[in-house]
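> Okay, predicted coordinates and the sequence, questions at the end:
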Amino acid sequence: MQTKIHLDEDEMPRRWYNIQADLPAPLDPPLNPKTGVPVTPGDLSAIFPAELIRQEMTAARFVDIPDEVIDILRLWRPSPLFRARRLEEYLKTPARIYYKYEGVSPAGSHKPNTAVPQAYYNRQEGIERLATETGAGQWGSALAFATCHFEMDCTVYMVRSSYAQKPYRKMMMQVWGAECHPSPSILTASGRAVLEKDPNTPGSLGIAISEAVEDAANHANTNYALGSVLNHVCLHQTVIGLEAREQLASVDEYPDVVIGAVGGGSNFAGIAFPFAGDKLTGKKPEVELIGVEPAACPTLTKGLYAYDYGDVAGLTPIMKMFTLGHDFVPPDIHAGGLRYHGVSPIVSRLVRDGVARAVSVYQNEVFDAAQTFARTEGIIPAPEAAHAIRTAIDVALECRRTGEARTILFNNTGHGHFDLASYEAYYAGILPDYDYPEELIRDALSRLPKVG
Amino acid sequence: MQELRVGFVVNPVAGMGGRVGLKGTDGLADRARALGAEPTAGARATAALLPLAGRPLRFVTAGGGMGEAALSAAGIAGFDCVYRPAVPTTALDTRAACRAILEQGVDLLLFCGGDGTARDVADAVGRAVPILGIPAGVKMYSSVFAVDPAAVGAVVPTDGPLRCTDAEVIDVDEAAYRANDLRTVLHAVVRTPVAPGLVQATKQVFEEADEDRARAAIGAFIADAMLPGVLYILGPGTTTGAVGRHLGLETTLLGFDAVLDGRLIKADLDENALLAQLEMVGEARLVLSVIGAQGFVLGRGTQVCTPSVLRRIGPRHLLLLGTPGKLVRTPALHIDTGDPALDAAFGPHLQVVTGYGTAQRKRVGGDPAAPIMGERNG
Ligand SMILES: Cc1ncc(COP(=O)(O)O)c(C=O)c1O
């Protein structure tokens, strides 16, 4: 029986799928943080190259992938689709479980899928350096890998608590030639402002974004790169779902359920958008799409659908999305990549419209699932990826109860080889089940003066 | 290197009541002896001291079974004996010995006993020096005890500074406890050393500064979330105290205080005073710290949290507070209101506020040692 379903290199998608073309109504426009009016391409040109701005706003259904980008993606793409037969047997489920494995990329996650084209377009337009933020270090290392292929410099602002905790991610960035600073740093005004108020702050993704955006805006040869949330990032990740749909078709399958973890939303977009497109256009109206988020940072399940900033300092465009508030600092969960207050505007729209839905899960049950997965399928997953595994297992167990033989597809976004300290905490029994104090936060917000 | 000065006090009769079913030895050492109990605290103290022999420590202790004997048995010479107890010893000796040791100036006070001994030590030294318990009592609900005697060696630093955190000393009503009625009251908040390095890789070492930071964040969050016209009852402890501090109120450390619209309207309430306050408002919230090593959420036994008070406020309106450092040492929470139906109304999990806008979910009851792994996958 077949375990891995491969595509040949020449079967790799040549075009990204842009779901904006199939949305029933266009997205609410992002707003300029200073003026409050819809952003123009000019507003963004200080930090993004023209082609990425075009991709951010385009309504074209497909966008061609440049040959130079495909050439690099070929180092690990197409990524394998696995049938998780041993997990199925362990769970005694009639469900068929498939997963796309993105941990085969050099950086060990799905993040290089967008890091490579972002570096490429910036280089095309003469940019010599990229500045970015990273939480747990996945995105920083992916961008370091990508810029190294285009002989660009790369500056990464890494959330201070992770900088201390994950020395190996930092070393990866150095191997690929990037420089990495703990954030908040004294290199930017945003960083200095935070340090002045609180010299011992552990930092946050929102603060690190402010620093990277400021760095890019103040240096003519430097642009900013974001590893999630934005439309063009989601666009680049659609190679995952496009490949998966082909791979499943080759064994006469089409998923009943598609599952991905949600941080900023990019890997969920990547695996789910091609199927969401099938749903929106009426080809497959029944397919179920589930985003999985941590109970500690439940943006889609408990956030507000509203305009908000993408960062702490308020430098990014204001976007209509589910948000927990741009000043919310999520607790220090081990799935550092899921610690973000907002989520992609497109993913938000799909959830608001009921095309996709979201669930939230606690840390210990996520590691229960990670352990089960590692002991059956072998791969030790990243804590972020394990969120998707948790829900895939839950759906499969539900199938065992109902006897339904559903086809489940989930995105295994990366391996956990640099996250073993979180497994250590799990086995020591000291992994907190972080939660979100929804009522108290609502009470606190109800007392804030209304602005704007 | 600077020699660390360590005070050392043993309660020689600690733990004797346990082996003969007395659930504590307070005032009952004679009865325990008559029932055939042998003193064991001295042997446990010696076991704890063995790894300390040969370290650059200077001990200051009391005579005979209150310290001297255990030090000698562990092969530690060259200590100062600054107090001679009466025989047989009583709680008065523990306090007097601690005071005498304190006068000599020490960096840490090591004691051997249970919750009753911890209470006597805390009464004598307060927050003046950090205290660390060698577990030898019948009840050890306070958070000042090393996990076992052998762990004491790891907690006393071989070099570098002594890092400390706040810890509660819990008063368990022994007479009630013997009737299987667990009544706990926060008796004092003292300082106790933390063990840096033991679980370093997972970054779960919390120091005093982290704890203070977390408490301040919790205080600010609760203060920001206080709704107008709602009565907030702040229970005992330093974490609930942070709410009062944020509001600039003079709340009590060990009592229950009523706060309405940002003002302290009555401090140190008893049950009747609280019920009277509750009569005057529509809605109320009970704000409690997670207390002690066993994760008590105070219920029965405090003057205030009687089942009728809790029913009036409503289980949904309990706001639990705890720093991440406290919770990492607290596998599960315990609720014991004296009314099983009311206990059940709190559900199998409670949310504990741990910072500004952050919380943790904690299991209520059950075996704290039970594994959490593999719960749902089989
Ligand atoms: C392995 C892995 N999976 C998932 C995510 C979540 O991000 P996104 O929602 O953008 O896919 C991250 C982010 O760092 C990650 O590193």
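Great, that's in hand.
> Quick check: next helix or strand after the helix or strand of chain B with the lowest mean pLDDT?
Within chain B, confidence by mean pLDDT, DSSP states H and E is lowest for helix B:174-178 among all helices and strands, at a mean of 69. Where DSSP states H and E defines the elements, the next helix or strand beyond helix B:174-178 is strand B:184-193.
> and residue A:361, what are its phi and psi?
phi -140, psi 150 (degrees, to the nearest 10).
> check contacts around it.
For residue A:361, the contact set (Cβ atoms under 8 Å, 6 or more residues apart in numbering or on different chains) comprises A:292, A:293, A:294, A:295, A:387, A:390, A:391. C-beta coordinates here come from the backbone N, C-alpha and C atoms, glycine included.
> what pLDDT does it get?
The model reports residue A:361 with a pLDDT of 97.
> For it, name its beta-bridge partners.
Listed by DSSP bridges, the beta-bridge partners for residue A:361 are residue A:294.
> quick one: low-confidence parts of the chain?
Went with chain A since none was named. Within chain A, the stretches with pLDDT under 70 are A:447-452.
> Correction: the question concerned chain B.
By pLDDT under 70, the low-scoring segments of chain B are B:1, B:176-183, B:195-209, B:293, B:298-303, B:366-378.
> Next, count neighbours for the closest residue to the ligand within the stretch 251-400 of chain A.
Residue nearest to the ligand within the stretch 251-400 of chain A (Cβ to the nearest ligand atom): residue A:337, separated by 2.3 Å. If you count neighbours by other Cβ atoms under 10 Å in any protein chain shown, residue A:337 ends up with 30.
> follow-up on the earlier one: for PyMOL, write the selection for the buried entries among the contacts of residue A:361.
Buried residues within the contacts of residue A:361, by 16 or more other Cβ atoms under 10 Å in any protein chain shown, are selected in PyMOL with:
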select buried, chain A and resi 292+293+294+295+387+390+391
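> roughly how far apart are whatever residue of the stretch 51-200 of chain A ends up closest to the ligand and residue A:240?
Residue nearest to the ligand within the stretch 51-200 of chain A: residue A:138 (3.2 Å; Cβ to the nearest ligand atom). Between residue A:138 and residue A:240 the distance is 15 Å, computed by Cβ to Cβ, to the nearest Å.
> just residue A:262 next, same as before
With Cβ to Cβ as the criterion, residue A:262 and residue A:240 are 14 Å apart.
> Same check on residue A:383?
19 Å.
> give the contact list for residue 345.
Looking at chain A here, since you left the chain open. A:27, A:28, A:30, A:229, A:231, A:319, A:320, A:321 are the contacts of residue A:345 under Cβ under 8 Å, 6+ apart.
> wait, chain B
So residue B:345 contacts residue B:315 (Cβ under 8 Å, 6+ apart).
> before we move on, back to that, compare residue A:262 and residue A:240 (neighbour count), which wins?
Each of residue A:262 and residue A:240 has its neighbours counted (other Cβ under 10 Å); residue A:262 has more, 35 against 30.
> tell me the contacts of the more buried one?
A:268, A:291, A:292, A:293, A:299, A:300, A:338, A:343, A:347, A:358, A:387.
> switch the cut-off to 6 Å
A:268, A:291, A:293 (Cβ atoms under 6 Å, 6 or more residues apart in numbering or on different chains).
> Chain neighbours aside, what residue packs nearest to it?
residue A:291 (4.0 Å; Cβ to Cβ, 6 or more residues apart in numbering or on different chains).
> Toward the C-terminus from the helix or strand where that neighbour lies, list the very next helix or strand.
Assigned by DSSP H and E, residue A:291 falls within strand A:288-294. Per DSSP H and E, the first helix or strand lying C-terminal to strand A:288-294 is helix A:299-302.
> Give me the contact status of the helix or strand just after that following helix with chain B.
Using DSSP H and E, the helix or strand that follows helix A:299-302 towards the C-terminus is strand A:304-308. No - Strand A:304-308 does not reach chain B (Cβ under 6 Å from any Cβ of the partner chain); its nearest approach is 13.8 Å.
> in strand A:304-308, what counts as buried?
A:307, A:308.
> all strands of the stretch 1-150 of chain B, in order?
Assigned by DSSP state E, counting those that start in this stretch, the stretch 1-150 of chain B shows strands spanning B:4-10, B:57-62, B:80-83, B:108-113, B:131-135.
> As a markdown table, those with distance to chain A and mean neighbour count would be great.
A markdown table is the format used below for the strands of the stretch 1-150 of chain B (distance: least, Cβ to the nearest Cβ, whole Å; neighbours: other Cβ atoms under 10 Å in any protein chain shown):
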| stretch | distance to chain A | mean neighbour count |
| --- | --- | --- |
| strand B:4-10 | 27 | 26 |
| strand B:57-62 | 29 | 22 |
| strand B:80-83 | 39 | 17 |
| strand B:108-113 | 25 | 28 |
| strand B:131-135 | 20 | 26 |
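> At which residues are the helices of the stretch 251-400 of chain A located?
Remark: helices assigned in the stretch 251-400 of chain A by DSSP state H, counting those that start in this stretch are A:266-280, A:299-302, A:345-352, A:363-377, A:383-402.
> Flag every residue of the stretch 351-452 of chain A that's near chain B.
Contact residues (Cβ under 6 Å from any Cβ) of the stretch 351-452 of chain A with chain B: A:364, A:368, A:372, A:421, A:424-425, A:430, A:432-435, A:437, A:440-441, A:443-444.
> Sort out for me which of the residues you listed are in strands.
For these, membership in strands holds for A:433, A:434, A:435, with DSSP state E as the criterion.
> Please tell me how far the second one sits from residue A:420.
To tie it back to what came earlier, the one meant is residue A:434. 20 Å.
> More neighbours: which of those two?
With neighbours defined as other Cβ under 10 Å, residue A:434 and residue A:420 compare such that residue A:434 has more, 23 against 12.
> give the contact list for that one.
A:296, A:331, A:333, B:360.
> now do 10 Å
Counting by Cβ atoms under 10 Å, 6 or more residues apart in numbering or on different chains, residue A:434 touches A:294-297, A:330-334, A:362-363, B:324, B:354-355, B:358-361.
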